[in-house]
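**Q** Whatever this is, show me its structure:
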Amino acid sequence: VYRVNAAYHYNNNNNNNNENTGTHVGNPIPTQWIVKLPRQDLHLEWMFQSEKVFYETISPFLQKMQDDMPFTVPRLLVATDTCLILEGIQDMTCYDLVAGTPPEKLPLVTACLASLHAHSWQSDFFRSHTQDLVGPPGIGQRLHPLQKEYLFQQQWREALINTQIQDPHIQEFMINLCTKMERRRLRDIHALVHEDRCACVHGDFHIANFLFPHESPTTTTNTQPVLVDWATFGYGNPMTDLAFFAILNDCVA
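**A** Residues are numbered from 1 along each chain as shown. Here you go, the predicted structure:
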């Protein structure tokens with residue numbers, strides 16, 4: 001991801017042109033861009049295809065409902081299968097993923113998630129525009145259910161150790177639960193979860209994907225946070241967003 005500052009120079013004598021500001025005959029042209037390019041060693045072109053679908057079809061729909069939603073999304077400038085250029089955003093505050101969600105931001109962040117799910121609940125519009133996406137939304141969507149089943153059986157013990165759960169009762173509960181799940185056909189559970197496709201799912205919902213405007217008494221611009229990184233979005237079970245957010249915040253707390 002790159003930040004790009006663009007300076008425009010117009011080769012004519014129109015007095016309405018203002019060099020370097022991105023203003024041309026009264027029309028604002030963004031001078032700051034956010035440019036996303038895929039790392040060739042990771043083969044993530046499919047993510048760019050998903051995000052292209054989001055910004056070209058879903059984003060305009062969400063922007064029309066901006067007054068009814070507690071967050072907004074970046075404005076698309078250019079989208080291809082291997083490149084994404086968004087309008088840059090100034091004077092924003094970011095939070096580190098490892099540190100988790102600050103307690104004072106938790107009500108707003110969860111309200112943003114609830115609003116996304118509520119406005120797209122059982123929506124024919126969302127269903128019709130996400131039917132061509134690869135697999136269910138979320139991190140790991142490209143993995144086959146059998147792969148997920150195998151990985152769970154091999155890694156759940158190490159994962160519980162890494163969470164460093166302090167409460168012995170919660171730790172015992174998690175060990176018993178994972179032991180029971182290890183003996184089941186998790187591929188069937190996976191199918192039951194993702195057959196319930198009801199709402200637009202972000203797929204990678206956490207505090208580091210939010211940009212918060214600087215708070216100032218003199219601020220007159222939009223004060224809504226900006227939700228970014230829609231590379232794993234889709235139409236699916238909204239509980240996957242909630243579970244991902246809750247587990248991740250508990251692990252990093």
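
**Q** mind showing which ranges of the stretch 151-253 of the chain have poor pLDDT?
**A** For the stretch 151-253 of the chain, the stretches flagged by pLDDT under 70 are 216-222, 250-253.

**Q** That one: helices as residue ranges?
**A** Applying DSSP state H, counting those that start in this stretch to the stretch 151-253 of the chain gives helices spanning 168-182, 186-194, 239-252.

**Q** Find the one among the ones you listed with the highest mean neighbour count.
**A** helix 239-252 (a mean of 16; mean count of other CB atoms under 10 Å). Placement of C-beta: from N, CA and C, glycine included.

**Q** On the pLDDT front, check Gln147 for me.
**A** Note for Gln147: predicted pLDDT of 92.

**Q** Check the secondary structure at it for me.
**A** Following DSSP: H, G, I helix; E, B strand; the rest coil, we place Gln147 in the helix state.

**Q** And for it, the neighbour number?
**A** Residues near Gln147, counting by other CB atoms under 10 Å, number 12.

**Q** One more: Ile29?
**A** Ile29: 12 surrounding residues under other CB under 10 Å.

**Q** if I read this right, it contacts Tyr8, doesn't it?
**A** Yes - using CB atoms under 8 Å, Ile29 is in contact with Tyr8, at 6.3 Å.

**Q** Okay, Gln40 and Val1: tell me how far apart.
**A** Distance of Gln40 to Val1, given as CB to CB, to the nearest Å: 15 Å.

**Q** and Cys94, what is it in contact with?
**A** Going by CB atoms under 8 Å, 6 or more residues apart in numbering, Cys94 touches 208, 210-212.

**Q** And it, its phi and psi?
**A** The phi/psi pair for Cys94 (degrees, to the nearest 10) reads phi -110, psi 160.

**Q** cool, and the one 5 residues further on?
**A** In this entry, Ala99 is assigned phi and psi values of phi -80, psi -20 (degrees, to the nearest 10).

**Q** go on, Thr93?
**A** phi -110, psi 130.

**Q** likewise Trp33?
**A** The phi/psi pair for Trp33 (degrees, to the nearest 10) is phi -120, psi 150.

**Q** Tell me how many other residues crowd the nearest residue in space to Asn5 that is not next to it in sequence.
**A** What sits nearest to Asn5 in space, not counting adjacent residues and going by CB to CB, 6 or more residues apart in numbering, is Gln32, at 5.8 Å. If you count neighbours by other CB under 10 Å, Gln32 ends up with 14.
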